[in-house]
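Colleague: here's my sequence, what's the structure:
(chains A and B)
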Amino acid sequence: MSENGLQFVQQIINGLTLGSIYALIAIGYTMVYGIIGMINFAHGEIYMISAYVGLIVITGLSMMGIEYMPIVLIITLTMAMLITSAYGWSVERVAYRPLRGSPRLVPLISAIGMSIFLQNYVQLAQGARNIALPPLISGGWRFGDAAGFQVYLSYMQVMIAVATTAAMVGLTLFIGRSRLGRACRACSEDRGMANLLGIDTDRVIALTFLIGAALAAIAGVLVGLYYGVVNPFMGFIAGLKAFTAAVLGGIGSVPGAMLGGIVLGLTESFTSAYLSTEYKDVVSFGLLVLILLFRPTGLLGKPDVEKV
Amino acid sequence: MPGQIKGALFSALVMLVLAVPILGIQITTEGSSVRLVGELQYAFIAAGLVFVFKLLEHPLSKLLGMTHAVNLLPSADRMATYRPAILTVLIIFAFIWPFTASRGAVDVATLALIYVMLGLGLNIVVGFAGLLDLGYVAFYAVGAYSYALLTEYFGLSFWVSLPIGAGLAALFGFVLGFPVLRLRGDYLAIVTLGFGEIIRLLLNNWDELTGGPDGIGNIPKPTLFGLEFTRTAKTDGNIPFHEYFGLEYSGTYRVIFLYLLALLLVLFTLFVINRLIRMPVGRAWEALREDEIASRSLGLNPTNIKLSAFTLGASFGGMAGCFFAARQGFINPESFTFIESAIVLAIVVLGGMGSQIGVILAALALTVLPELARQFEEYRMLVFGLVMVLMMIWRPQGLLPSKRPRMELPT
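Modeller: Below you'll find the model as predicted:
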């Protein structure tokens, strides 16, 4: 393959890695939006918190002398998912549940407040600086001629792809097959009707926040390990990007969020490779604006008609 | 009661789960090694607080429910008789006050007035027209950078730049608003947020024009009919303010002049907005906020009306930005982050959407209180966030909701 071709393959690998992360976070936005029709602005902060929890668990384990990689990874992911889901659940309980049935803007403003609160809470508790994470999985494969450009696929990138795929398959099965998953689908179809049919909608809503937070936790831990740094401000931009991904795929649709994440990840990686790194965020947000203008329902979404 | 204790225990337990990893364990780095330091007492304090709060929540909410009924202010009709008199006294006081106050206090008041301007501008968009704009800071940035760039490249003075800056911000608002205002409320919020970020990123990366992260410095201060407030005149043949009036040079004149200028701009803003909301367009904003479908069926064009609110709000943001650049003398993209938008939004929400008095008081409170409590500076944004959530739960209409005549069908 020519050098250009290899460069292209490398960008696809990077884009898919980034896209998987966006997809994991985007599912949290899209599920919440599908059921209660609000943008959970604090979702990015939930992801940031999970990165911190992951960092703390890994450091704690290494202080206890446990360094065998698979065990560390499993314990870290489990702990991060548990604690982060608790955050997701509490945020819903404290900031959104009391506002059920108020005008649209009220829960959105509350969510913005929650986001600011969580960001500053972590900043006060853990400091505002970057914290470096020890590499847990290092190394990778190289392809291409030894003298020229080589495509690099790290084990971490494979790990991210595997974890994301597993989470997506698990979620799809859960929503498609289980009783609670059916309740979720019923609620997103028509919440009032689902309630009349005996589904505890409050519980289903709490569940969507739990699931969204757990997936964001996977993303947070993996990103912490992939980039090797965490800071309290990482959630804001990532949340905005993931929201873009959710809108791109069609908000309210879970497969849409996965697709949207991948598309956005690829766009971003190609922009930084072929245009400019500084403007990659501008391109992502520009993309968000353009989609909302020309196809507000996204790639896989259904049109939503406002009625009296 | 046992049920309540059980609930409170459960909440405390959840709080413990939440607080132990983030609040209770601190990551410290020493050289290259990362270590954990347990500060579990904080987590237990937090859990204890939640427990007590949960136990008291019921009686507390009853108490709060009672204060809802008590009206803090005399009723609107009685206020109306005295309103012109009260306003005149307040305005005269605002003009005289800086001559007796300390320089630092006047400076803080000037900053507060900038936020009043921003709050009033955003109030048009969020409060009157009901459009949630999370990128308001973009227009503020456009105003500030217009003045900075116009004076740097074309040598234009503050007084010429002020209308140009406001106009440019309005143009940005118009161009952005034209396509996006068809979107529903929460999509609009996200698009404006994205737009705000785009503007900031452009300012940060377009080094040749904006100086990038270093910003633009040496922005001249406004002049009083050409009189400068410097020790010696910067341009030839010009006399500084103090020499013209035969006064001793003092930096205080400049501070007071800036304050009075800000005050005049605020009064101008207030005057324009108060005229506008009595005009058909202002009525249309509120009608649209209350029920878009109903106003559409009554023949109002939602896009045009929203666009007018968006453009006007943006122009006041630009005006505030121009003044900000002139006051600071130095600007960089750091001053125009999302947090700034959130603060202005908090001002509008806290004051009561659509209530001008409320917005003014909230802007003063949110800028002056942090100055008074400087030792709690780092908690400022934490409290901000918390207040926004609590306000939405307890008083979504704001501290001083706007009152308007209304009729209800007897039930």
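
Colleague: element containing the residue lying closest to B:Gly212 once chain neighbours are set aside, please.
Modeller: Among residues not flanking B:Gly212 along the chain, B:Asn204 sits closest, at 6.0 Å (Cβ to Cβ, 6 or more residues apart in numbering or on different chains). Every residue, glycine included, has its C-beta placed from N, CA and C. For B:Asn204, the host element (DSSP states H and E) is helix B:185-205.

Colleague: could you measure from the closest residue to chain A within the stretch 101-250 of chain B over to B:Ser308?
Modeller: Here the residue of the stretch 101-250 of chain B nearest chain A is B:Gly194; by Cβ to the nearest Cβ that distance is 3.8 Å. Computed as Cβ to Cβ, to the nearest Å, the B:Gly194 to B:Ser308 distance reads 23 Å.

Colleague: between the two, who's got more neighbours?
Modeller: B:Gly194 (25 against 20; other Cβ atoms under 10 Å in any protein chain shown).

Colleague: in contact with the more buried one, which residues are there?
Modeller: Residues in contact with B:Gly194, defined by Cβ atoms under 8 Å, 6 or more residues apart in numbering or on different chains, are A:Leu240, A:Thr244, A:Phe285, A:Gly286, A:Leu288, A:Val289, B:Gly135.

Colleague: for the third one, which non-adjacent residue is closest in space?
Modeller: In this structure, A:Phe285 finds its nearest non-sequential neighbour in B:Gly194, 3.8 Å apart by Cβ to Cβ, 6+ apart.

Colleague: right, and A:Gly250 touches A:Gly256 too?
Modeller: Yes: counting by Cβ atoms under 8 Å, A:Gly250 does reach A:Gly256; the two are 3.8 Å apart.

Colleague: more neighbours: which of these two?
Modeller: Remark: of A:Gly250 and A:Gly256, A:Gly256 carries more neighbours, 27 against 24, as counted by other Cβ under 10 Å.

Colleague: do you know the pLDDT at the closest residue to the more buried one other than its chain neighbours?
Modeller: Closest residue to A:Gly256 apart from its sequence neighbours, by Cβ to Cβ, 6+ apart: A:Gly249 at 3.0 Å. A:Gly249 is assigned 86 on the pLDDT scale.

Colleague: pull the number of nearby residues for A:Gly249.
Modeller: 29.

Colleague: quick one: the strands in the stretch 151-300 of chain A?
Modeller: Ranges of strands within the stretch 151-300 of chain A are A:151-154, A:229-230, based on DSSP state E, counting those that start in this stretch.

Colleague: output those strands as TSV; include the columns mean pLDDT, distance to chain B and mean neighbour count.
Modeller: Formatted as TSV, the strands of the stretch 151-300 of chain A follow (pLDDT from 0 to 100; distance: least, Cβ to the nearest Cβ, whole Å; neighbours: other Cβ atoms under 10 Å in any protein chain shown):
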stretch	mean pLDDT	distance to chain B	mean neighbour count
strand A:151-154	84	21	17
strand A:229-230	88	9	20
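
Colleague: adding distance to A:Ile137, write those strands out as a markdown table.
Modeller: As requested, the strands of the stretch 151-300 of chain A are arranged in a markdown table below (distance: least, Cβ to Cβ, whole Å):
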| stretch | distance to A:Ile137 |
| --- | --- |
| strand A:151-154 | 8 |
| strand A:229-230 | 16 |
